[in-house]
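> Need coordinates for the following:
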Amino acid sequence: MLQGAEWDQDVVFIGDIHRQWRYVAEGLAKSARKPGVAVLLGDMECDKPLDVAAAPLLDAGIEVHWIWGNHDYDGGPEMWANLVDHQRNPRTRHGVLNARVTEIGGLRIAGLGGTFRRRVWEPPGDPRLQARGELREDMKTLGPDWTEEQRHSMAEALAAMAIWPEDVEALATQRADVLVTHEAPSSHPQGVAFIESLARKMGARLVIHGHHHVCYRARAEDGLQVQGVGAAWGIGLDGRPWWPGEANRWLGNAPTGWAHL
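The predicted structure follows:
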């Protein structure tokens, strides 16, 4: 466990909600105390504005920060706008963490939303595209069976859901205590080693991720720790649950170089 006065235990990290906000509401109702800050790890799937969906947190006076996941565009532009449109979300508009470092609860927390997509970047290979601005030209290389509408939809989905080198570059020169991601590092059997490489470059001591719907704690040989957060679970910086969510998926054995705690 990470210890020290700088680690504010009133921050809760919430895994992939997938519209199941009842876990959050029920968890808060049963908690003897309330967290001061909540960080959403993506895949909220906003069928309504985030300000409305996150009312159980906001109405309890809990500050909300967030990144997006790989399913937050599943409902198309309307679902995406429910998450990112400032006019729809005056209460959570300043909480986006993607490609930023924000001081939260005395910690420098960095955020990286989305997952790796082959058309943009699939580590350990080099990026195919560097920035979202390249998508328009790249979509022209799709086959003749693609309609203009399909090309546009593909471009919008990739712009929203992929991990982009331009976002990584915005983070890599900054310092952080915690890196929150949707994609998992290699502590998860399906994770990507680039995630912990970025954390180390930023000086982070802890990576917290969603995506795989399983709670676990892992430590690398150099002391870097990883906290996986299950679907709709609320987990603290120390790895202890604030409340349970959906049943955890199977994790499997710890990959080489990691110890599951």
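
> gap between residue 86 and residue 109?
Per CB to CB, to the nearest Å, residue 86 is found 21 Å from residue 109. Where C-beta positions appear, they are placed from N, C-alpha and C, glycine not excepted.

> Look up phi and psi at residue 159.
The phi/psi pair for residue 159 (degrees, to the nearest 10) reads phi -60, psi -40.

> List the contacts of it.
Counting by CB atoms under 8 Å, 6 or more residues apart in numbering, residue 159 makes contact with 132, 135.

> Please shift the residue numbers so they start at 12 in all later answers.
With 12 as the first residue, the last one maps to residue 170.

> I'd like the distance between it and residue 143.
To residue 143, residue 170 is 5 Å away according to CB to CB.

> Could you do residue 49 as well?
Noted for residue 49: a distance of 28 Å to residue 143, by CB to CB.

> More neighbours: which of these two?
Taking other CB atoms under 10 Å, residue 49 and residue 143 do not tie; residue 49 has more neighbours (27 against 17).

> secondary structure element for the more buried one?
Take DSSP states H and E as the rule and residue 49 turns out to sit in strand 48-51.

> hmm, back to that, the more surrounded of residue 97 and residue 120?
Taking neighbours as other CB under 10 Å, residue 97 and residue 120 compare with residue 120 leading, 24 against 11.

> Let's verify the more buried one: helix, strand, or coil?
What DSSP: H, G, I helix; E, B strand; the rest coil gives for residue 120 is strand.

> Quickly list what the nearest residue to it once chain neighbours are set aside is bridged to.
Excluding its sequence neighbours, the residue lying closest to residue 120 (CB to CB, 6 or more residues apart in numbering) is residue 189, at 4.8 Å. Beta bridges link residue 189 to residue 120, residue 217, judged by DSSP bridges.

> Count the residues that sit near residue 189.
Using other CB under 10 Å, residue 189 has 27 other residues around it.

> dump the residue contacts of it.
Taking CB under 8 Å, 6+ apart, we find residue 189 in contact with 118, 119, 120, 121, 215, 216, 217, 218, 219, 248.

> Low-confidence stretches in the stretch 12-161 of the chain?
For the stretch 12-161 of the chain, the stretches with pLDDT under 70 are 12-20.

> now the helices for it?
Applying DSSP state H, counting those that start in this stretch to the stretch 12-161 of the chain gives helices spanning 33-41, 61-64, 66-69, 88-95, 146-150, 159-172.

> Only the buried residues of the first one, if you could.
Applying a neighbour-count criterion of 16 or more other CB atoms under 10 Å, the buried positions in helix 33-41 are 34, 35, 36, 38, 39.

> in stretch 106-117, what's buried?
Buried residues in stretch 106-117, counted by 16+ other CB under 10 Å: 106, 107, 108, 109, 110, 111, 112, 113, 115, 116.

> before we move on, back to that, can you list the contacts of residue 189 in a markdown table and add distance to residue 176?
A markdown table is the format used below for those (distance: CB to CB, whole Å):
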| residue | distance to residue 176 |
| --- | --- |
| 118 | 26 |
| 119 | 22 |
| 120 | 21 |
| 121 | 16 |
| 215 | 19 |
| 216 | 24 |
| 217 | 24 |
| 218 | 19 |
| 219 | 22 |
| 248 | 29 |
